[in-house]
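Visitor: just need the structure, nothing else, for what follows:
(chains A and B)
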Amino acid sequence: MPGDQTDPVVLLYVHALLGEGIASYVTGETGVTVRAVPVGDSGAVAAALAGHPRVVIFERCTGVDPADLSRRAPGAVLIDVSAAVTTGPPVPEQGEPPEVEAIVHAVAGVGARHPHAS
Amino acid sequence: MPQGDVVRVLLVDDQPLFRTAIASLVNAQDDFTVVGEAENGLIAVERAHELAPDLIVMDVEMPVMDGVEATRLLTEQMPGIRIVMLTVSDSEEHLFDAVRNGASGYLLKDLRPDQLYDMLRSVMRGDTPISPGVAGLLLSEVRSGNLTAVEAPTATQGPPITARELEILQLVAEGLSNKQIGRRLSITEGTVKNHVHNALEKLHLDNRIQAASYIVRQGLGRAPDQG
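Guide: Numbering: from 1, shown residues only, chains lettered A, B, ... in the order given. Purely as a prediction, here's the structure:
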């Protein structure tokens, strides 16, 4: 069942080059598998969020609502690659995108708590 | 460049996250390696002189110096480097400016990674890939003869091209790839590539798109029933 998948980090992307590229980079840096999911595939998104991810990376500028993400993946750290790193809803205002190191740091923390995450 | 060599790539984009993403994808390919990055066109020109990359993947809209101006400078200063634009901009003006200033391709950021790899490889084979999202703009301009935005050099000062080279450029102007032209004329793709290369040099043109524009401007296109 899709809902049984428990990927600790989910990356929702609109732009495949950005989404799959960041997923590849972060996985390489942390050893934690990042599940990249096209945001237009509602079934895949639902399945990924149902797996209780600890981190969700997304692009708010493309219409993804962080409050909705928090409802569907409670407790997850939300990282908006078009704004700032935050935990839980809502992202107060859109600013500069986070440095990639901030994303790696957040994901690495998940790996430390879940040694079998990768 | 010889087959089997690893293509050395310089990435130019003002978004660090995007550079990181593209670098990760490109470095995962055995035949490419990212040797440097730059956050605007001015730094790109400096890095290009330092690193002498084979290929530059260049954003269009950047602060300090945009990608079109950087492409113009680099085409003048380092004509051996291939430059492909990778941008969110599907504007006609950006497309034509980039091509006119020497870009070897114009790609949109909505590509999938496998499409990007294919198009980067095609640039290194001497082709001029254009994202499907903007190719229609260019073809309609070439076909209509309304080429005010793409002003190919007049090329009158160059030596005349051979009949075979003209025949091949006519097919280029019809939008055929080297492989398709080779099949049409029963010659190898490599032979087509050589003819295109020689013709571009003689006519002082930078790429196939300018060649297509030249054919139309000079009234050298084939009649529709010459198929």
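Visitor: for residue 8, give me phi and psi.
Guide: Using chain A. phi -70, psi -20 (degrees, to the nearest 10).
Visitor: my bad, chain B
Guide: phi -90, psi 120.
Visitor: beta partners for it?
Guide: Partner residues in beta bridges with residue B:8: residue B:33, with DSSP bridges as the criterion.
Visitor: so who does residue 9 touch?
Guide: Since you didn't name a chain, this refers to chain A. Taking C-beta atoms under 8 Å, 6 or more residues apart in numbering or on different chains, we find residue A:9 in contact with A:26, A:32-35, A:53-57, A:107, A:110, A:117. For the C-beta atoms, the positions are set from N, CA and C on the backbone; glycine is no exception.
Visitor: please refer instead to chain B.
Guide: The contact partners of residue B:9, taken as C-beta under 8 Å, 6+ apart, are B:26, B:32-35, B:53-57, B:120.
Visitor: mind checking which of these are buried?
Guide: In the contacts of residue B:9, burial by neighbour count holds for B:26, B:32, B:34-35, B:53-57, B:120, counting by 16 or more other C-beta atoms under 10 Å in any protein chain shown.
Visitor: just the contacts of residue A:9 now: which is nearest residue B:194?
Guide: residue A:26 (44.3 Å; C-beta to C-beta).
Visitor: pLDDT score assigned to residue A:118?
Guide: Per-residue pLDDT puts residue A:118 at 42.
Visitor: for residue A:6, that is, sorry about that
Guide: According to the predicted model, the pLDDT of residue A:6 comes to 62.
Visitor: next one: residue A:66
Guide: Reading off the model, residue A:66 has pLDDT 84.
Visitor: circling back to that earlier point, which members of the contacts of residue B:9 are positioned in helices?
Guide: Applying DSSP state H to the contacts of residue B:9, the entries found in helices are B:26, B:120.
Visitor: what's the local residue count around the closest residue to chain A within chain B?
Guide: Each residue of chain B has a distance to chain A, by C-beta to the nearest C-beta, and the smallest belongs to residue B:21, at 2.6 Å. By other C-beta atoms under 10 Å in any protein chain shown, the residues close to residue B:21 number 29.
Visitor: what's the closest non-adjacent residue to it?
Guide: Beyond its immediate neighbours in the sequence, the residue positioned closest to residue B:21 (C-beta to C-beta, 6 or more residues apart in numbering or on different chains) is residue A:21, lying 2.6 Å away.
Visitor: how about the contacts made by that neighbour?
Guide: Contacts of residue A:21 were listed using C-beta under 8 Å, 6+ apart, and they are B:18, B:20-25, B:113.
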